[in-house]
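Novice: Quick one: sequence and predicted model below, then my questions.
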Amino acid sequence: MSFPKGFYWGGATAANQCEGAWNVDGRGPALTDVTTGGSVKEPRYVTYIDKDGHPQKMPSMGAKLPEGAKYAVLDDCYYPNQDGIDFYHRYKEDIALFAEMGFYMFRMSISWSRLYPQGDELEPNPKGIEFYRNVFKECKKYNIEPLVTIHHFDTPLYLEEHYGGWKNRKLIEFYDRFAKTCFTEYKGLVKYWLTFNEINNTVMFLDMFGNKATDQMYQEAYQHLHYQFVASAHAVKMAHEIDPDYVVGCMICGITFYPATCDPADILLNRHTWEKGIYYCGDVQCKGKYPTFAKRLWAEHDVHLDITEQDLIDLKEGTVDLYTFSYYMSTVVTTHEVTDKVSGNFSAGARNPYLEYSDWGWALDPKGLRYYLEKIYDRYELPMMVVENGLGAYDTLEEDGTIHDPYRIDYMRKHIQDMELAIEDGVDLIAYTPWGCIDLVSAGTGEMRKRYGFIYVDKDDAGNGTFDRYRKDSFYWYKKVIASNGADLD
């Protein structure tokens with residue numbers, strides 16, 4: 001058995017990592033525009049001016065803007081997302097390359113601050129509306145179905161600064177307006193929508209701080225999530241009212257967790273890790289209610305949420321139509337002391353002796369993808385999409401313009417084989433859009449050298465380069481995979 005007829009092969013990007021043009025045609029700044037470049041060893045920083053007028057920076061993960069400070073772009077810092085890979089000006093060239101590969105689907109996101117520069121305006125920015133309409137028309141020209149993420153880590157900076165971001169219930173109202181604009185303006189051009197990218201990261205990232213995450217941090221994270229759940233439910237309901245053909249999904253950061261030992265304490269910890277990291281968000285968005293274990297999670301950190309009766313009705317009425325997720329790796333959990341640790345970008349934990357690891361410390365585990373697909377489909381029985389997957393690696397542009405990336409082909413071949421096995425086991429998997437189908441700025445490190453694409457972009461970690469595009473060996477390989485609907489993986 002091969003992949004079902006009509007399977008959506010494609011690729012995925014995000015506005016803040018590829019568009020660039022951060023202050024062009026009326027776009028307002030997002031947090032990524034004041035976030036510096038980093039590396040595996042050096043964190044990314046958010047820059048600001050403190051209340052006394054002094055330039056400062058703080059780690060982008062988990063830090064809070066001090067009282068009286070304002071986010072700022074500093075002269076002596078480099079901000080890789082501001083230019084991205086200039087998709088804003090080169091989208092026709094890029095979409096033509098996707099079409100050459102044979103894409104049936106292109107996952108992208110709409111930059112909230114390109115449509116609403118501050119986020120709280122009553123009317124959208126016409127130039128922003130026009131840009132995305134042109135992008136969608138270009139996709140349609142090649143019969144590529146857009147898969148559009150409404151919120152992909154890019155809340156307008158103004159909303160962060162003046163409203164406290166998603167800790168404020170007001171953001172639901174602003175998001176509702178933004179989503180409604182997307183659904184009405186692009187009716188007939190877009191069918192598939194995702195409400196929030198990797199929504200579960202809000203809580204999952206706190207666990208990366210180990211015991212350093214305070215009860216107050218959990219209070220804010222769970223409240224932030226609740227408001228996003230309500231906004232997502234509103235969006236689903238609104239989408240179906242505006243166009244009954246709209247299909248709206250959740251998007252979860254998918255990580256397969258394994259217990260390190262058969263110690264019952266490890267088995268229980270593993271179950272609780274799945275509940276907190278994966279099921280908590282999935283249950284609310286797919287089942288329309290908080291799971292039974294939510295009370296335990298809240299009690300662990302003395303969390304008391306602002307939840308209204310209307311919120312609970314909205315959650316019930318706004319369940320998603322499909323379950324989409326990213327998958328890069330698995331990780332191991334244990335109650336025992338860990339001597340052999342792996343820590344990569346956005347990941348930390350015990351080393352799994354049965355797996356190989358990437359240059360960035362990510363476990364390469366295609367069977368983990370199959371396990372995740374089967375486990376989640378069994379829980380929700382909704383159509384599924386793998387909307388991010390891929391290998392971040394060092395690539396070399398040869399003098400003749402070729403890029404040889406057999407490691408990427410090998411990684412993807414194995415993951416596609418396991419997706420096929422999951423389909424044979426009954427999973428209703430309908431799409432595969434590998435991450436960074438064209439090289440873009442890494443979310444975790446801000447690097448360009450950590451490349452995912454089938455298409456090489458000539459830009460380095462300092463922003464130098466021609467920005468020209470080159471086809472990698474994997475470009476031709478993926479073209480063949482798509483043409484054969486996953487049958488030819490050689």
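Specialist: Yep, it's here.
Novice: what sits against Val332?
Specialist: By Cβ atoms under 8 Å, 6 or more residues apart in numbering, the residues touching Val332 are 257-260, 349-352. Where you see a C-beta, it was placed from the backbone N, CA and C, and this is true even at glycine.
Novice: swap the cut-off to 6 Å and go again
Specialist: For Val332, the contact set (Cβ atoms under 6 Å, 6 or more residues apart in numbering) comprises 258, 260, 349-350, 352.
Novice: got it, and Ala72?
Specialist: Residues near Ala72 by Cβ under 6 Å, 6+ apart: 47-49.
Novice: Apply 10 Å and report the result again.
Specialist: For Ala72, the contacting residues are 29, 34, 46-50, 55-57, by Cβ atoms under 10 Å, 6 or more residues apart in numbering.
Novice: May I see those organised as a markdown table, with secondary structure, distance to Cys182 and neighbour count added?
Specialist: Formatted as a markdown table, these follow (DSSP: H, G, I helix; E, B strand; the rest coil; distance: Cβ to Cβ, whole Å; neighbours: other Cβ atoms under 10 Å):
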| residue | secondary structure | distance to Cys182 | neighbour count |
| --- | --- | --- | --- |
| Pro29 | coil | 20 | 23 |
| Val34 | helix | 25 | 25 |
| Val46 | strand | 27 | 20 |
| Thr47 | strand | 30 | 19 |
| Tyr48 | strand | 30 | 21 |
| Ile49 | strand | 33 | 15 |
| Asp50 | coil | 36 | 15 |
| Pro55 | strand | 36 | 13 |
| Gln56 | strand | 35 | 16 |
| Lys57 | strand | 33 | 18 |
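Novice: got the buried residues for the longest helix anywhere in the chain?
Specialist: Taking DSSP state H as the criterion, the chain has its longest helix at helix 215-242. Residues of helix 215-242 classed as buried by neighbour count (16 or more other Cβ atoms under 10 Å): 217-236, 238-240.
Novice: Going along the chain from it, find the next helix or strand for me.
Specialist: Using DSSP states H and E, the helix or strand that follows helix 215-242 in sequence is strand 247-259.
Novice: which other helices and strands contact the helix or strand following that next one?
Specialist: Downstream of strand 247-259, the first helix or strand assigned by DSSP H and E is helix 264-274. The contact analysis (3 or more Cβ pairs under 10 Å, 6 or more residues apart in numbering; DSSP states H and E) places helix 264-274 against strand 247-259, helix 294-300, strand 322-333.
Novice: Low-confidence stretches in this protein?
Specialist: 1, 209-211, 343-348 (pLDDT under 70).
Novice: any idea which of the contacts of Ala72 is the one closest to Glu100?
Specialist: Distances from Glu100 to the contacts of Ala72, taken as Cβ to Cβ, are shortest for Pro29 (34.0 Å).
Novice: that older thread, got the helices and strands packed on helix 264-274 as JSON lines, with distance to Glu356 columns?
Specialist: Output for the helices and strands packed on helix 264-274, formatted as JSON lines (distance: least, Cβ to Cβ, whole Å):
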{"stretch": "strand 247-259", "distance to Glu356": "15"}
{"stretch": "helix 294-300", "distance to Glu356": "33"}
{"stretch": "strand 322-333", "distance to Glu356": "11"}
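Novice: which one of the ones you listed lies closest to Ala69?
Specialist: Nearest to Ala69 among these is strand 247-259; the distance by Cβ to Cβ comes to 29.3 Å.
Novice: relative orientation of that closest one and helix 264-274 in degrees?
Specialist: Counting by axes from the mean of the first three to the mean of the last three Cα atoms, to 10 degrees, strand 247-259 lies at 160 degrees to helix 264-274.
Novice: Between strand 322-333 and strand 247-259, find me the angle.
Specialist: 10 degrees.
Novice: Give the buried residues for strand 247-259.
Specialist: 247-259.
Novice: do stretch 420-433 as well
Specialist: Neighbour-count burial for stretch 420-433, counted by 16+ other Cβ under 10 Å, picks out 420-423, 427, 429-433.
Novice: what's the burial count for Glu161?
Specialist: By other Cβ atoms under 10 Å, the residues close to Glu161 number 17.
Novice: Which helix or strand contains it?
Specialist: Going by DSSP H and E, Glu161 is in helix 157-163.
Novice: Contacts for that helix next, please.
Specialist: Defining contact as Cβ under 10 Å, 6+ apart, one finds that helix 157-163 is touched by 28-34, 46, 48, 65, 69-71, 112-113, 116-121, 155-156, 165-171, 174-175.
Novice: What sits closest to Leu489 if chain neighbours are left out?
Specialist: Distances taken as Cβ to Cβ, 6 or more residues apart in numbering put Arg413 closest to Leu489, at 4.8 Å, once the chain neighbours are dropped.
Novice: Where does the one you found sit: helix, strand or coil?
Specialist: State at Arg413, reduced to three classes by DSSP: H, G, I helix; E, B strand; the rest coil: helix.
Novice: Correct me if wrong: it contacts Lys480.
Specialist: No: the criterion here is Cβ atoms under 10 Å, and Arg413 misses it with Lys480 at 11.2 Å.
Novice: and the nearest residue to Met412 once chain neighbours are set aside, what does it touch?
Specialist: Nearest residue to Met412, sequence neighbours excluded (Cβ to Cβ, 6+ apart): Pro434, at 6.6 Å. Contact partners of Pro434, counting by Cβ under 10 Å, 6+ apart, are 9-12, 107, 386-391, 408, 411-412, 415-416, 452-454, 474, 478.
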